[in-house]
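J.: everything below, folded, please.
(one chain, ligands or ions: 1)
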Amino acid sequence: MKKLTELMAEELSAAFEKAGYDPAYGKVNVSNRPDLCEYQCNGAMAGAKAYKKAPFMIADDVVANLKGSRIFSMAEVVKPGFINLKVSEEYLAQYLKDMADDEKLSVNTAENPKTIIIDYGGPNVAKPLHVGHLRSAIIGESIKRIGRFVGHKVIGDVHLGDWGLQMGLIITELKHRQPELVYFDDSYTGTYPEEAPFTIGELEEIYPSASAKSKEDEAYRAEALEATHLLQQGKPGYMALWNHIMNVSVTDLKRNYANLNVTFDLWKKESDAQPYIPDMVEKMKEQGFAYEDQGALVVDVKEESDTKEIPPCMLLKSDGASLYTTTDLATIVERMKLFNPDEILYVVDKRQELHFIQVFRCARKTGLVKEDTKLSFLGFGTMNGKDGKPFKTREGGVMRLENLITDIDEEMFHKIVENRSVKDKDAQETAKIVGLSAIKYGDLSNQATKDYVFDIDRFTSFEGNTGPYILYTIVRIKSILNRYQEEGGDLSAGEILAAVNESEKNLMLQLTGFGTTVESAFEEKAPHKICAYIYEVSNAFNSFYHETKILSESDEAKKQSFIQLLQLTKKVLETSIDLLGFSAPDKM
Ligand code: ARG
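T.: As a prediction, the model looks like this:
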């Protein structure tokens, strides 16, 4: 479906052409002077030089050709040569009717759908999820949903960190605590127990204590490195323990992500890429890309145009061990083999940018990907506390994601109970739904690459640019629609008519922006554009609501038109928040 601005541009282009000018000058933009007009065309200004003519003369010629246009109720030349435009109320109403009938609400779906893998989440097994993983999950999930909405095949992969030293540390600590466990008996040849020798609670305590010890105790660290090495070689007892760690951890992670309304299509892990490493490295050597440097195996990735030093990509350490980089390269090999994607997008902390520059360059140089396979990195900023430093607990420790969510839900619960709009027994459930909107909107409303301050008070407020404010608006619409039905109204009756006042027209104009917003949010991987959009729509709706008697309107056709407009507004807002990864309650 064409965008309203496109339809206007077609009309303008025809008017330029009819007057003897290049139709390319007919572009139309949303006005940046809403006090003067709704849209504007600056083509006459742009064309002045080419035609050696004063811009207002060109504009006059064009506007003369717009007389009798169905689209515009006003087309006016303003010196030095702007064309100020207003849409006809009838045309706008018709456009919204078409939009309401369109399954995608005017968003055009991709003509050539792409296969896109999004690598997000990136939690590390056996370590609790912390707020650093929050952003990846929230942003990645939203981009995945937007990508699907615009018609691409998007595959979300959690890419679990399961292959590092943390595994060796856990195994070592277990061995110190319970040396009698069968996993440590080298002469044992039977099958290993099905039940894990620890719970998730224990596991989460084991890792930090092992990690702390390894920093103080050199021998302990050496032991953990050795355990990691043996695990990677496939020592049966350690493999069995690794399996237990994985099962216990993944169950817990899935529960945590479910609370965030985040789901992954793939639960692949760093270890899945390991089998691809030997061949990959061998090829890179054969092709002459990989060479030995002080015992390590590296590939140069610097380029002439670099302004800062990009160090070589290290494939193998001098002891033959592979690294984070090697794993990411081998994961690309696996992804190409299994999914042949057109794009792989990594949603990871921007502090890992250099790592991804190296990986991408190396992958391209050594031919791991096709020439037209896109490798993209969306590096997000840090979530800070009010003190401007990375978000911590009150005690100064790393904030666990679960605790952060509980804090928000409690705050929401208080606010909802204060409002007394929801029965106590439902307040808890509602607090969770609204709390999630507070967290996600608080994050997504910022440009992903920027740092932001996580401010519970502000994020949970029902007023201002917040998730709860958007939900409040949706709930308000739902309650009007419910009352309408209780009074015997039929939601399918009537149709959208020409706006009756300025605030209704403004709401209508805002709604027409949905398609452009979603398409550009996808192009630019920018969910914040959807946030900014729904904030405007919500403001426009609330002004309309305050200035217009809706249910007490005595003209039945008008009332039905309002109800149709409310339903479209609700659909636009609900679709948008679904793209952001949260939903609205029925009451709040
Ligand atoms: N597990 C990593 C971390 O916590 C993030 C993984 C990001 N994805 C990737 N393909 N490297 O830092």
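J.: just the element for the residue lying closest to residue 206 once chain neighbours are set aside, please.
T.: Distances taken as C-beta to C-beta, 6 or more residues apart in numbering place residue 173 nearest to residue 206, at 5.1 Å, with adjacent residues excluded. (C-beta placed from N, C-alpha, C; glycine too.) Assigned by DSSP states H and E, residue 173 belongs to helix 165-177.
J.: ok, residues contacting that helix?
T.: Residues outside helix 165-177 that contact it (C-beta atoms under 8 Å, 6 or more residues apart in numbering) are 124-127, 181, 183-184, 197-198, 203, 206-207, 209-211, 213-214, 220, 223-229, 231, 238, 241-242, 245.
J.: against which helices or strands is the following helix or strand past it packed?
T.: The helix or strand immediately downstream of helix 165-177 is helix 200-216, counting by DSSP H and E. Applying 3 or more C-beta pairs under 8 Å, 6 or more residues apart in numbering; DSSP states H and E, one finds that helix 200-216 contacts helix 165-177, helix 218-233, helix 236-259.
J.: now the terminal residues of stretch 301-311, how far apart.
T.: 7 Å (C-alpha to C-alpha, to the nearest Å).
J.: list the contacts of residue 199.
T.: Residue 199 neighbours (C-beta under 8 Å, 6+ apart): residue 248.
J.: might you report the residue contacts of residue 309?
T.: Applying C-beta under 8 Å, 6+ apart, the residues contacting residue 309 are residue 302.
J.: how about it, phi and psi?
T.: phi -70, psi 120 (degrees, to the nearest 10).
J.: how far away is it from residue 300?
T.: Separation of residue 309 from residue 300 (C-beta to C-beta, to the nearest Å): 12 Å.
J.: residue 148 too?
T.: Taking C-beta to C-beta, one finds residue 148 at 38 Å from residue 300.
J.: please point out which parts of stretch 211-231 sit buried.
T.: Of all the residues in stretch 211-231, those buried under the rule 16 or more other C-beta atoms under 10 Å are 211, 213, 214, 220, 221, 223, 224, 225, 227, 228, 231.
J.: I meant stretch 525-536, not that one.
T.: Buried, per 16+ other C-beta under 10 Å, within stretch 525-536: 525, 526, 527, 528, 529, 530, 531, 533, 534, 535, 536.
J.: turn those into a markdown table, columns for pLDDT, secondary structure and distance to residue 469.
T.: Listed next are those as a markdown table, based on pLDDT from 0 to 100; DSSP: H, G, I helix; E, B strand; the rest coil; distance: C-beta to C-beta, whole Å:
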| residue | pLDDT | secondary structure | distance to residue 469 |
| --- | --- | --- | --- |
| 525 | 98 | coil | 25 |
| 526 | 98 | coil | 21 |
| 527 | 98 | coil | 17 |
| 528 | 98 | helix | 16 |
| 529 | 98 | helix | 18 |
| 530 | 98 | helix | 15 |
| 531 | 98 | helix | 11 |
| 533 | 98 | helix | 14 |
| 534 | 98 | helix | 10 |
| 535 | 98 | helix | 8 |
| 536 | 98 | helix | 12 |
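J.: tell me what residue 124 is bridged to.
T.: Beta-bridge partners of residue 124, counted by DSSP bridges, are residue 161.
J.: count of residues packed around it?
T.: 20 (other C-beta atoms under 10 Å).
J.: give the contact list for it.
T.: Here residue 124 is in contact with 160, 161, 162, 164, 166 (C-beta under 8 Å, 6+ apart).
J.: mind checking how far it is from residue 170?
T.: Residue 124 is 11 Å from residue 170, by C-beta to C-beta.
J.: which bits of the chain sit near the ligand?
T.: 119, 122, 124, 159, 161, 328, 346, 348 (C-beta under 6 Å from any ligand atom).
J.: now, which of those residues lie within strands?
T.: 119, 346, 348 (DSSP state E).
J.: quick one: buried ones out of those?
T.: Here, 16+ other C-beta under 10 Å leaves 119, 346, 348 buried among those.
J.: identify the residues contacting residue 209.
T.: residue 173.
J.: okay, and for the chain, where does confidence drop off?
T.: 421-422 (pLDDT under 70).
J.: strands along that one, start to end?
T.: 29-30, 39-41, 72-78, 82-87, 115-119, 153-157, 290-293, 296-299, 313-316, 343-349, 374-380, 383-384, 452-453.
J.: could the ones you listed go into JSON lines alongside distance to residue 511?
T.: JSON lines is the format used below for the strands of the chain (distance: least, C-beta to C-beta, whole Å):
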{"stretch": "strand 29-30", "distance to residue 511": "13"}
{"stretch": "strand 39-41", "distance to residue 511": "15"}
{"stretch": "strand 72-78", "distance to residue 511": "18"}
{"stretch": "strand 82-87", "distance to residue 511": "12"}
{"stretch": "strand 115-119", "distance to residue 511": "28"}
{"stretch": "strand 153-157", "distance to residue 511": "26"}
{"stretch": "strand 290-293", "distance to residue 511": "56"}
{"stretch": "strand 296-299", "distance to residue 511": "52"}
{"stretch": "strand 313-316", "distance to residue 511": "49"}
{"stretch": "strand 343-349", "distance to residue 511": "30"}
{"stretch": "strand 374-380", "distance to residue 511": "29"}
{"stretch": "strand 383-384", "distance to residue 511": "32"}
{"stretch": "strand 452-453", "distance to residue 511": "28"}
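J.: let me see the backbone angles for whichever residue of the stretch 451-588 of the chain sits closest to the ligand.
T.: Proximity of the stretch 451-588 of the chain to the ligand (C-beta to the nearest ligand atom) peaks at residue 525, 16.0 Å away. Here is the backbone geometry of residue 525 (degrees, to the nearest 10): phi 50, psi 60.
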